[in-house]
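*Asks:* let me see the structure of the following:
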Amino acid sequence: METIQIVLEPDLLRAADRAVRKLKTNRSSLFREALRAHLKRLDTHDRESRDREGYLRYPDSLDDPAVWDRVADWPED
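*Replies:* Now for the predicted structure:
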């Protein structure tokens, strides 16, 4: 692990310290977990944006009956 230094507003630090006491953890653990959660949200948002963009660029044509034929056809047993 690396040791870093961050600058926080006093109110944010007090809120973090309250959370640390409530969760019975330490600042480093709290900040690591918060950063992981934030990065995961950013990644999810990025993936959803790319999916949205892809569907807008190449929309499904549900009016085309051939689309439904591929879904509705069952293989012969």
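
*Asks:* Ala34: neighbour count?
*Replies:* Neighbourhood size, Ala34 [other Cβ atoms under 10 Å]: 12. Every residue, glycine included, has its C-beta placed from N, CA and C.

*Asks:* what helix or strand is it on?
*Replies:* Element membership for Ala34 (DSSP states H and E) is helix 27-57.

*Asks:* what mean pLDDT would you report for that helix?
*Replies:* Helix 27-57 carries an average pLDDT of 95.

*Asks:* show me what it packs onto, helices and strands only.
*Replies:* Helices and strands touching helix 27-57, by 3 or more Cβ pairs under 8 Å, 6 or more residues apart in numbering; DSSP states H and E, are helix 10-23.

*Asks:* which strands and helices sit next to the helix it packs on?
*Replies:* Packing partners of helix 10-23 (3+ Cβ pairs under 8 Å, 6+ apart): helix 27-57.

*Asks:* quick one: the helix it packs on to helix 10-23, angle?
*Replies:* Helix 27-57 and helix 10-23 are oriented at 100 degrees to each other (axes from the mean of the first three to the mean of the last three Cα atoms, to 10 degrees).

*Asks:* how far does helix 27-57 sit from the chain's center?
*Replies:* Averaging C-alpha positions (Cα atoms, centre = their mean, to the nearest Å) puts helix 27-57 3 Å from its chain's average.

*Asks:* equivalent analysis for stretch 9-29, please.
*Replies:* Distance of stretch 9-29 from the chain centroid (Cα atoms, centre = their mean) equals 23 Å.

*Asks:* contact partners of it?
*Replies:* Here stretch 9-29 makes contact (Cβ atoms under 8 Å, 6 or more residues apart in numbering) with Leu8, Leu30, Phe31.

*Asks:* picking that back up, now the helix holding Ala34: buried residues?
*Replies:* Counting neighbours by 16 or more other Cβ atoms under 10 Å, one finds that helix 27-57 has no buried residues.

*Asks:* I'd like the contacts of stretch 9-29 laid out as JSON lines, including distance to Arg14.
*Replies:* What follows is those, written out as JSON lines (distance: Cβ to Cβ, whole Å):
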{"residue": "Leu8", "distance to Arg14": "9"}
{"residue": "Leu30", "distance to Arg14": "13"}
{"residue": "Phe31", "distance to Arg14": "14"}
